[in-house]
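J.: okay, here's the prediction I keep looking at, along with the sequence it came from:
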Amino acid sequence: MNREDLAGCKREDPELFFPISYTGAARQIEVAKGVCGRCPIASACLRYALDNPERASDGIWGGTTPRERRALRSAQPALEEAI
Ligand code: SF4
């Protein structure tokens with residue numbers, strides 16, 4: 001079984017993870033994040049999205065919205081300096 005077979009979103013409608021708007025789709029985002037919350041590869045998915053912003057510029061990845069990933073990316077250098 002490869003990693004993609006483990007993805008919690010594999011059996012979901014892909015559109016669930018790509019809301020048209022992030023401001024008016026709170027319920028859709030909540031449902032998508034719920035799927036990510038049960039996904040066994042969520043950490044790897046989020047790591048990929050953080051490392052590849054050009055490929056993961058839109059959509060819910062690893063339980064995060066694009067805005068949340070931008071915040072994580074901008075916090076990363078400060079966190080690494082503090083360690
Ligand atoms: S964490 Fe990534 S692979 Fe898992 S369900 Fe969410 S979007 Fe899909």
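T.: On my side now, so go ahead.
J.: so Leu6 makes contact with Ile41?
T.: Yes. With contacts counted by CB atoms under 8 Å, Leu6 reaches Ile41, the gap being 5.1 Å. Backbone N, C-alpha and C define where each C-beta goes, glycine included.
J.: more neighbours, the two?
T.: Neighbours per residue (other CB atoms under 10 Å) separate Leu6 from Ile41, with Ile41 holding more: 18 against 12.
J.: from Val35, how far out is that one?
T.: Using CB to CB, to the nearest Å, Ile41 is found at 12 Å from Val35.
J.: shared neighbours of the two, anything?
T.: Here Ile41 and Val35 have Gly8 as joint contacts, going by CB atoms under 8 Å, 6 or more residues apart in numbering.
J.: contacts for whichever strand or helix holds Val35?
T.: Here Val35, judged by DSSP states H and E, is contained in helix 26-37. With contact meaning CB under 8 Å, 6+ apart, helix 26-37 is reached by 8-9, 12, 16-17, 19, 22, 42, 45, 60-63, 65.
J.: try stretch 14-25
T.: Against stretch 14-25 from outside (CB under 8 Å, 6+ apart): 9, 28-29, 31-32, 35, 58-61, 65-67.
J.: just the buried ones from those residues, in PyMOL syntax?
T.: Buried residues among those (16 or more other CB atoms under 10 Å), as a PyMOL selection:
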select buried, resi 9+28+29+32+35+59+60+61+65+66
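J.: of the contacts of stretch 14-25, which are in range of the ligand?
T.: 9, 35, 60-61 (CB under 6 Å from any ligand atom).
J.: most widely separated two among those residues?
T.: Val35 and Trp61 (11.7 Å; CB to CB).
J.: quick one: the host helix or strand of Ala75 to chain centroid distance?
T.: Secondary structure from DSSP H and E places Ala75 in helix 66-82. Taking CA atoms, centre = their mean, to the nearest Å, one finds helix 66-82 lying 14 Å from the centre of the chain it belongs to.
J.: buried ones in that helix?
T.: By neighbour count with 16+ other CB under 10 Å, helix 66-82 contains the buried residues 66, 68-69.
J.: and for stretch 20-39?
T.: Buried positions in stretch 20-39, judged by neighbour count with 16+ other CB under 10 Å: 25, 28-29, 32-33, 35-36, 39.
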